[in-house]
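Q: Here is my input, please return the structure:
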Amino acid sequence: FVLFVVRFAIAAALMLFISHAIMRQPLPTGKRLWKQLIIYGLLNVGLYLGLFVLAMREVSAGLGTLFIATNPVFIVIISAVWGRQRIRAVTLVSFALCLAGLLLAAYPLLLDSYASLRGIGLLLLSMLTYSLGAIYFSRHEWGDLHILTINGWQTLFGGLSLLPFALWFFDASANRPDANFIGSILWLAGPVSIVAVLLWLYLLRDNPVNASAWLFLCPIIGFAIAALIVDEPLSWHTAVGVVLVLAGLLLVQR
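A: Got it, this is the predicted structure:
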């Protein structure tokens, strides 16, 4: 929680300064826009990451990474129910390929994974709120607000919602402001909260279902990074799984 609150404070300050002070973008006007920004911040940041933090205390990292791939499935279902959007057969086939590839790639990790029922439940709730946030963003009008402005304010509101929990769970002995802490903050605030989320919002403005397919790459890239940094083994399961995921992505994007 400490990492997230500091991360979102830095990211929000940077984005809002660039948006309003440098780019001269107007402030959001009207109760409707402010309400939307607060709700989106709660769904996309507060509830999603708050639940995720609590879940990861009881679930292995491998399973946590794999659960990110449930987001596209949730988004397809929510889009069909909420937006009465017809889901094409090619989308279902591509998602089936992606899920099969992920399960195959994760199989060696799942054998040694641990998880409690409460941890899995919290993970599912976390992914559900993130998916709801994606649909909420794509289904609402944001007027002339620049995408950087939207991201800045929703990041600020989401971070503020986590502040009480950061204070409640704070443990001074577990927090050291060393190089690892600073490096993690800079990585999470810059490439993740600013660059990656801006790209995600850009994709959502077009089509949330097609955009969600790219989330299948998160676990695959996670496996590759784990192999490079912590020497987790890559097997034929990984190779075949990656091929299936890429085939599914190509199918739905075409």
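Q: Where do the strands of the stretch 1-150 of the chain begin and end?
A: Counting by DSSP state E, counting those that start in this stretch, the stretch 1-150 of the chain forms no strands at all.
Q: Now for R24, how many residues are close by?
A: Other residues within reach of R24, judged by other C-beta atoms under 10 Å, total 7. Where C-beta positions appear, they are placed from N, C-alpha and C, glycine not excepted.
Q: what does the one 3 residues further on give?
A: Other residues near L27 come to 12 when the count uses other C-beta under 10 Å.
Q: excluding its backbone neighbours, what's nearest it?
A: Nearest residue to L27 in three dimensions, chain neighbours excluded: H20, at 6.8 Å (C-beta to C-beta, 6 or more residues apart in numbering).
Q: same deal with S184?
A: L3 (6.2 Å).
Q: Please enumerate the helices of the protein.
A: Shown for the chain, the helices assigned by DSSP state H span residues 2-16, 31-41, 48-55, 61-67, 70-82, 89-111, 117-139, 147-169, 179-187, 197-204, 208-212, 217-230, 236-253.
Q: And those: which comes nearest R24?
A: helix 147-169 (11.0 Å; C-beta to C-beta).
Q: now the angle between helix 31-41 and the closest one, please.
A: Going by axes from the mean of the first three to the mean of the last three C-alpha atoms, to 10 degrees, helix 147-169 is angled at 50 degrees with respect to helix 31-41.
Q: Report the residue spans of this protein with pLDDT below the cut-off.
A: Along the chain, the parts satisfying pLDDT under 70 run over 62-63, 83, 85, 109-110, 112-115, 232-233, 252-254.
Q: Show the backbone phi and psi for P177.
A: Here is the backbone geometry of P177 (degrees, to the nearest 10): phi -80, psi 60.
Q: what about it, distance to G183?
A: Distance, P177 to G183, by C-beta to C-beta, to the nearest Å: 11 Å.
Q: now swap in V93 and tell me
A: 42 Å.
Q: again, but for L244
A: 34 Å.
Q: sorry, back to before: V93 and G183 - which one has more neighbours?
A: Neighbour totals were compared for V93 and G183, and V93 leads with 13 against 10 (other C-beta under 10 Å).
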